[in-house]
Structures are given as structure tokens and as C-alpha cells.
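Asker: this one's structure only:
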Ligand SMILES: Nc1ncnc2c1ncn2[C@@H]1O[C@H](COP(=O)(O)OP(=O)(O)OP(=O)(O)O)[C@@H](O)[C@H]1O
């Protein structure tokens, strides 16, 4: 049973098949998470963005988090990283509550948990060389001689297939895909157990996207790092994650193995997401078009004019 996931807070359409997979010894257990952002106006009540999200993630697992823009995907990632206010619920890493840590305790956690952001153009300090960027987490984590740090930076660059001489160059000298490799190397510097990947490939072209995903998979098979993979792209989810959570308006409406959720979505919101996803296969596209036409022709005229919300 997923941590804290009770029959009372499980929404209609909730799939249960994925629960057992990651719950024997979850690395991460999120239980009934609530996030409220303060409203900008004077005396306005805070705005609830995440309402009781519960899920678990096992060591070495990739869990995708999908949903439309504004559904709260990044907010969940930020709440795990201590970058969004946790109003209720708990976040446990290896059994330890981490949602309300002081700044120093949070900093100490950077060896366990890291993030790769969407925009490789904005996430690397343009005034620092790649060597300095990669050295920063190493020196922040503790005493390290310059020669040990250099050796580690060389290893990191090698692990993301970047030449060692990248060390002395600035981020502006690299393409988007290369910058994302550098950002991944930085995230890996302290060998974290969990990396929150927040749309790490959406700013990249399709070929570079595939190369970065392949790199993340290769690194995971070597290091056993877990990924919480935030994306709006179902094609990427199919390729990359064994399990997926679907988020609608701050609530998790479906959770299960990726193939099941994508091929037989149980919740109407997931059904709409899947139907709206671009389908490269022309046969599948034709089937979907025919199914849509059949549905329209069997729907009474009145319903077509006033469609009912189904959830
Ligand atoms: N710091 C903040 N203060 C107030 N509201 C915020 C803040 N950050 C995000 N929001 C709001 O919270 C909601 C969820 O935002 P979030 O960025 O988590 O969504 P998302 O699903 O990641 O969207 P996208 O796919 O567009 O990145 C949005 O309505 C957003 O406007």
C-alpha cells in the first residue's frame, strides 16, 4: 500500500496496480502533501496548488509526473527540494521527514537529492567556467584537495560524454544539449540517490532530447539513482518511465505502470491527455479519428451542444 494512500483520499479512477512496486522500501514517501502559495493581494487567502498528493518512489526507479500546464508538477518537485512551502502532509526520504528542515539541514541534504531544470540556458552561471560550476557542490560538501576535485570533475565530464577540456570553458560556448549534460554532471557530483528532473529535455530538439534521455538511463543503470521525471510529454514518459502519476489541478488522479496508464487510461482526465498527445503512428491516428467520429455520430445533438464534465 502506498504510504498514506487511504481509500478516503484516493480519487475516483485511481489505479492501484503501481502501488506495490515501489512501496516495500520506498526511498521517497510523499504522504498527503499540501502546498499553498501566498496570494499577492492584501488579506487574500493563500491559494491551494497541491491538495493531498501521496506517492512513493523506490531506489533505482523512474517515476514520471505528468499533467497539463499549471497542474502543479513543478510545485511537487519544488516541495521535495524545499523550494515550495509545505502546508500539510509529509515528505520522507529513507524514512526521515524532510519537508520542514532548517536551511543548514536542507543544505546537508544536497548529497542525497538534486535537481536538473528545464532550461539549460538559465540554470548554469554564465560567469563561471564549467570546472568552477562542477567544483562548487564538491567544495560545498566538504574538505577536498584541488587535485581530488579536478579528478572528480574529469570523471563527471567523462560520465556525461563531454571532453575534459570543457572544464576551462564557459556555458555560452556549448549547445543546449551539451549544457544539459553539464547540468546533469553537476547534479551527479555528490552521487545523489534522487534527482528531480523538471522537464529536462523540453528545451531541446528531438535528437538531442533522445541523447539526453539515453544518458540519464545509462547513468541510472550505473549508479542506481532514482528519478522523479516531470514532463508534459507522454511520448517521453512511454520511453523513459516504468510508472506514471497523473496530476490534475493539484490532485493525483491516476497512478500505475506507464503502458497501462497510456494504453488504457482509467480516469477521464488521463483519457483526454492521451487523446490530445501527438501520435506519430498514422494507423493509430486513423483509428483514433474513426473512434472520435463514431462517438460523435452516436451522441445526441443536445449533449454535443452542452458537453457534460465527466469527473
Ligand atoms: N511561487 C509561486 N507563487 C504563487 N503561485 C505559484 C508559484 N509558483 C507556481 N504558482 C502557481 O501554481 C500553479 C502550479 O504551477 P506549477 O509551475 O507547479 O505547474 P506545472 O504543472 O509545473 O506547469 P508547467 O507545465 O507550465 O510548468 C500555477 O497556477 C502557478 O501559477
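Answerer: Received the coordinates, thanks. Because the structure is a prediction, the values reported are computed rather than measured. Residues are numbered from 1 along each chain as shown.

Asker: What residues does the residue in the stretch 151-300 of the chain that the ligand sits nearest to make contact with?
Answerer: Nearest residue of the stretch 151-300 of the chain to the ligand: residue 232, at 5.3 Å (CB to the nearest ligand atom). (Each C-beta comes from the backbone N, C-alpha and C, glycine too.) Residues in contact with residue 232 (CB atoms under 8 Å, 6 or more residues apart in numbering) are 66-69, 73, 199, 202.

Asker: For this structure, what lies in contact range of the ligand?
Answerer: By CB under 6 Å from any ligand atom, the residues of the chain that approach the ligand are 37, 49, 67, 69-75, 232.

Asker: Can you lay out these as JSON lines showing pLDDT and secondary structure?
Answerer: What follows is these, written out as JSON lines (pLDDT from 0 to 100; DSSP: H, G, I helix; E, B strand; the rest coil):
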{"residue": "37", "pLDDT": "94", "secondary structure": "strand"}
{"residue": "49", "pLDDT": "97", "secondary structure": "strand"}
{"residue": "67", "pLDDT": "94", "secondary structure": "coil"}
{"residue": "69", "pLDDT": "92", "secondary structure": "coil"}
{"residue": "70", "pLDDT": "94", "secondary structure": "coil"}
{"residue": "71", "pLDDT": "95", "secondary structure": "coil"}
{"residue": "72", "pLDDT": "96", "secondary structure": "coil"}
{"residue": "73", "pLDDT": "96", "secondary structure": "helix"}
{"residue": "74", "pLDDT": "95", "secondary structure": "helix"}
{"residue": "75", "pLDDT": "96", "secondary structure": "helix"}
{"residue": "232", "pLDDT": "88", "secondary structure": "coil"}
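
Asker: Now for those: which two are most distant?
Answerer: Of all pairs drawn from the residues of the chain next to the ligand, the greatest distance, 20.3 Å, lies between 37 and 232 (CB to CB).

Asker: Could you tell me which ranges of this structure sit under the pLDDT cut-off?
Answerer: 1-24, 279-311 (pLDDT under 70).

Asker: State which helix of it is the longest.
Answerer: Using DSSP state H, we find that the single longest helix of the chain is helix 206-223.

Asker: Flag every buried residue along that one.
Answerer: By neighbour count on 16 or more other CB atoms under 10 Å, the buried set for helix 206-223 is 208-209, 211-213, 215-216, 219-220.

Asker: what about the helices in the stretch 101-250 of the chain?
Answerer: In the stretch 101-250 of the chain, the helices defined using DSSP state H, counting those that start in this stretch lie at 103-108, 130-141, 146-159, 176-188, 206-223, 234-240.

Asker: Comparing the ones you listed, which comes out most buried?
Answerer: Greatest average neighbour count among those goes to helix 176-188 (a mean of 23), per mean count of other CB atoms under 10 Å.

Asker: List of residues touching that helix?
Answerer: With CB under 8 Å, 6+ apart as the test, helix 176-188 has contacts from 114-117, 120-121, 123-124, 130, 133-134, 136-137, 156-157, 159-162, 166, 171, 174, 195, 200-201, 203-205, 208, 211-212, 215-216, 219, 223, 225.

Asker: OK, contacts around residue 208?
Answerer: 175-177, 180, 201.

Asker: Would you list the phi and psi of residue 201?
Answerer: Note on residue 201: backbone dihedrals following degrees, to the nearest 10 are phi -120, psi 0.

Asker: what's near enough to touch it?
Answerer: Taking CB under 8 Å, 6+ apart, we find residue 201 in contact with 180, 208-209, 212-213, 231, 236.

Asker: Please apply the same query to residue 211.
Answerer: Residues counted as contacts of residue 211 (CB under 8 Å, 6+ apart) are residue 177.

Asker: The one 5 residues further on now?
Answerer: In this structure, residue 216 makes contact with 184, 197, 200, 227, 240, judged by CB under 8 Å, 6+ apart.

Asker: Not counting its neighbours along the chain, what's nearest the last one?
Answerer: Spatial nearest neighbour of residue 240, chain neighbours left out: residue 213 (5.5 Å); criterion: CB to CB, 6 or more residues apart in numbering.

Asker: Over to the fourth one?
Answerer: Counting by CB to CB, 6+ apart, residue 227 lies nearest to residue 62, which is 4.4 Å off, once chain neighbours are set aside.

Asker: Near the one you found, how many other residues are there?
Answerer: 23 (other CB atoms under 10 Å).

Asker: That one and residue 242: what is the separation?
Answerer: Look at residue 62 and residue 242: by CB to CB, to the nearest Å, they are 6 Å apart.

Asker: Quick check: neighbours shared by these two?
Answerer: The contact sets of residue 62 and residue 242 do not overlap (CB under 8 Å, 6+ apart).

Asker: That'll do, ta.
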